[in-house]
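> Sequence first, predicted model second:
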Amino acid sequence: MPTPSSGRPESGDPSRADSCSGSSPGAEAAEQSTVAELPPLLGFTVGITAARRRDELASLLERRGARVVHAPALRIVPLSDDGKLLTATRACLTGRLDVVIATTAIGFRGWLEAAEGWGLGDGLRDRLAEARLFTRGPKVTGAVRAAGLTECWSPRSESGAELMAHLLGTDLAGLRIAVQLHGEPLPDMIEGLRAAGAEVVEIPVYRWEPPEDLRPVRRMVELIVTGGLSAVTFTSAPAVLSLLRTAREADRLDETLSALRGDVLAACVGPVCAAPLVREGIPAVTPERYRLGALVRTLSDELPRRRVRTVEAAGHVLRVQGTAVIVNGEPVMLAPKTAAVLDALTERPGRVLSRAELLRRTGTAGLTDEHAVEMTVARLRTALGPAGCAVETVIKRGYRLAIA
């Protein structure tokens, strides 16, 4: 993070753009070449709400230049010693079992492991092998095959809705169907199967619960509201609902929804995960393949496309992305307050913003008064180096970014 040099003047006569020495010939081409080599998420701060595989997701994001803030919105509580799971497992071992629906890899593996612990593992595998086994997507399909079993069908979309449509296109009357739940009840699926005449055995392998420490997720809500995050990632619909519930409890729901509809990009691993956001009018982005790597690639494409701003100011090329600015091809990392001021000035280059207006526009970044604005502008000029004089003082009016 750059720090201001106390011995460096702000810029001689900061009210004159022609006092600024412009970039050298060919600087624009050099800038483009340098930008192509920079990590695509440099300068952006991305929130991670996942409890599982959070380290993998964080590593993928950091490799692309992002700063990561982690706040698990949920935790998975296994039910291996829960009487409900044991009762449901025994129900599958008595009488016939015609159809089994496996919805998640962790849940399916957890069910088999719990059965092994009760001495029921072989019997459960035999019963599953005799049934028609449907899987919701590739990950759970892999878990099924790893157990020595074979699925009969899996939806291409990896959605429960497509799986249900397929099942309801067949005669289910009188069939006994086991449905592995994934952290919460599945009323639409369960009621739909029962309405079609099936007997349903619900398999509650684990449940979602709020994190034991709510402070990180509350802090993430605050970062969303105040613009401290460029994007937030979700890997499950329950995590979305948990974050929104935390926002509601903090009386910040409306502000959170507004931020997610605006400058904070919501990125979800798939459409099922995104559904609670879509219902709130939030334009979440999802990858074509519902995987963490694909999610990060989508974010690496979408975030720069939406949030990068390139301007020419007093002969210098500035590319602003989050808390980073590439000055004539050279990356400079800014403090959040400094980045907020630059973002406001580059939104409409040449327009004069008063100190009061800059304070209003950047207050969420932590600027408290007009003197703080003046100090932050000085730091910005220092951080921009030779391009610092592009930030002009307009006497008795405020500041602007020179465009000539």
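Yep, it's here.
> Spell out the secondary structure type for the residue lying farthest from the centre of the chain.
Centroid-distance maximum for the chain: G95 at 44.7 Å, with CA atoms, centre = their mean. Three-state call for G95 (DSSP: H, G, I helix; E, B strand; the rest coil): coil.
> Looks like it contacts R176 (just checking).
Yes: taking contacts as CB atoms under 8 Å, G95 lies within contact range of R176: 6.6 Å. C-beta coordinates here come from the backbone N, C-alpha and C atoms, glycine included.
> Buried residues of stretch 161-180, list them for me.
Neighbour counts using 16 or more other CB atoms under 10 Å place L163, M164, L167, L172, L175, R176, I177, A178, V179, Q180 of stretch 161-180 among the buried residues.
> Could you list which of those residues belong to helices?
The members of the buried residues of stretch 161-180 that map onto helices under DSSP state H are L163, M164, L167.
> ok, so of these, who is nearest V320?
The nearest member of those to V320, counting by CB to CB, is L163 at 44.7 Å.
> got the contact list for that closest one?
If you count contacts by CB atoms under 8 Å, 6 or more residues apart in numbering, L163 has them with I101, F134, R136, S154, P155.
> State the distance from it to K396.
Counting by CB to CB, to the nearest Å, the separation of L163 from K396 is 67 Å.
> Same check on K337?
The value you get for K337 to K396, if CB to CB is used, is 24 Å.
> now do R67
R67 is 38 Å from K396, by CB to CB.
> ok, now V201?
77 Å.
> Those two: which is more packed in?
Taking neighbours as other CB atoms under 10 Å, V201 and K396 compare with V201 leading, 18 against 6.
> Let me see the contact set for the residue nearest to that one when sequence neighbours are not counted.
Excluding the flanking residues, the one nearest V201 by CB to CB, 6 or more residues apart in numbering is A178, at 4.6 Å. By CB under 8 Å, 6+ apart, the residues touching A178 are A88, C92, L97, V99, V100, I101, A131, V200, V201, I203.
> Can I get the buried part of those residues as one ChimeraX selection?
In ChimeraX syntax, the buried subset of the contacts of A178 is picked out as below (16+ other CB under 10 Å):
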select :88,92,97,99,100,101,131,200,201,203
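> where do the helices sit along the stretch 51-200 of the chain?
Per DSSP state H, counting those that start in this stretch, the stretch 51-200 of the chain carries helices over the ranges 54-63, 83-93, 105-117, 121-130, 138-146, 160-168, 187-195.
> Would you mind giving the ones you listed as JSON lines with distance to L318 and mean pLDDT added?
Output for the helices of the stretch 51-200 of the chain, formatted as JSON lines (distance: least, CB to CB, whole Å; pLDDT from 0 to 100):
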{"stretch": "helix 54-63", "distance to L318": "25", "mean pLDDT": "96"}
{"stretch": "helix 83-93", "distance to L318": "58", "mean pLDDT": "93"}
{"stretch": "helix 105-117", "distance to L318": "46", "mean pLDDT": "92"}
{"stretch": "helix 121-130", "distance to L318": "60", "mean pLDDT": "97"}
{"stretch": "helix 138-146", "distance to L318": "43", "mean pLDDT": "94"}
{"stretch": "helix 160-168", "distance to L318": "46", "mean pLDDT": "93"}
{"stretch": "helix 187-195", "distance to L318": "50", "mean pLDDT": "94"}
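> any idea which of those is most buried?
Most buried of these, by mean neighbour count (mean count of other CB atoms under 10 Å): helix 105-117, with a mean of 20.
> rewinding a little: closest to F44 among the contacts of L163?
Nearest to F44 among these, with distances taken as CB to CB, is R136, at 31.9 Å.
> hang on, the earlier thing: quick one: which of the ones in helices among the buried residues of stretch 161-180 is nearest to G322?
Taking CB to CB as the measure, G322 lies nearest L163 of these, at 39.2 Å.
> Please report the distance of the closest one from A294.
From L163 to A294 the distance is 21 Å (CB to CB).
> repeat for D171
37 Å.
> Could you chop the protein up by domain?
17-22+314-401, 45-74+212-306, 79-209 (automatic domain parsing).
> quick one: which of the ones you listed is nearest E37?
Of all the domains of the chain, domain 17-22+314-401 comes closest under CB to CB, at 9.5 Å.
> what about V325, how many neighbours?
25.
> give me every residue that touches the residue nearest in space to the middle of the chain.
For the chain, the residue nearest the mean C-alpha position is T233 (1.2 Å; CA atoms, centre = their mean). Taking CB under 8 Å, 6+ apart as the contact definition, T233 lies against V46, G47, I48, T49, A50, L57, L61, A267, C268, V269, L295, L299.
> Which of those residues fall within strands?
V46, G47, I48, A267, C268 (DSSP state E).
> Next, the contact list for the first one, please.
Which is V46. By CB under 8 Å, 6+ apart, the contact set of V46 is L61, A66, R67, V68, V69, L229, S230, A231, V232, T233, L299.
> Kindly recompute the last result at 10 Å.
By CB atoms under 10 Å, 6 or more residues apart in numbering, the contact set of V46 is 57-58, 61-62, 64, 66-70, 229-233, 265, 267, 296, 299, 303, 322.
> any idea of the pLDDT on it?
Looking at V46, its pLDDT stands at 98.
> one step back: from the contacts of A178, which single one is nearest R309?
I101 (47.7 Å).
> Pull stretch 125-143 out as CSV, backbone CA atoms only.
Presented in CSV, the C-alpha positions along stretch 125-143 are these (Å, rounded to 0.1, in the frame of the first residue of the first chain):
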residue,chain,number,x,y,z
ARG,A,125,-25.3,-50.9,-0.3
ASP,A,126,-27.2,-54.1,-1.4
ARG,A,127,-30.5,-52.3,-1.1
LEU,A,128,-29.2,-49.3,-3.1
ALA,A,129,-27.9,-51.6,-5.8
GLU,A,130,-31.3,-53.1,-6.2
ALA,A,131,-33.1,-49.7,-6.5
ARG,A,132,-33.1,-47.3,-9.4
LEU,A,133,-30.6,-44.7,-8.3
PHE,A,134,-31.0,-41.1,-9.5
THR,A,135,-28.4,-38.4,-8.9
ARG,A,136,-28.7,-34.6,-9.1
GLY,A,137,-25.3,-33.9,-10.7
PRO,A,138,-21.8,-35.0,-11.4
LYS,A,139,-20.4,-34.7,-7.9
VAL,A,140,-22.9,-36.9,-6.3
THR,A,141,-22.7,-39.3,-9.3
GLY,A,142,-19.0,-39.6,-8.6
ALA,A,143,-19.7,-40.4,-5.0
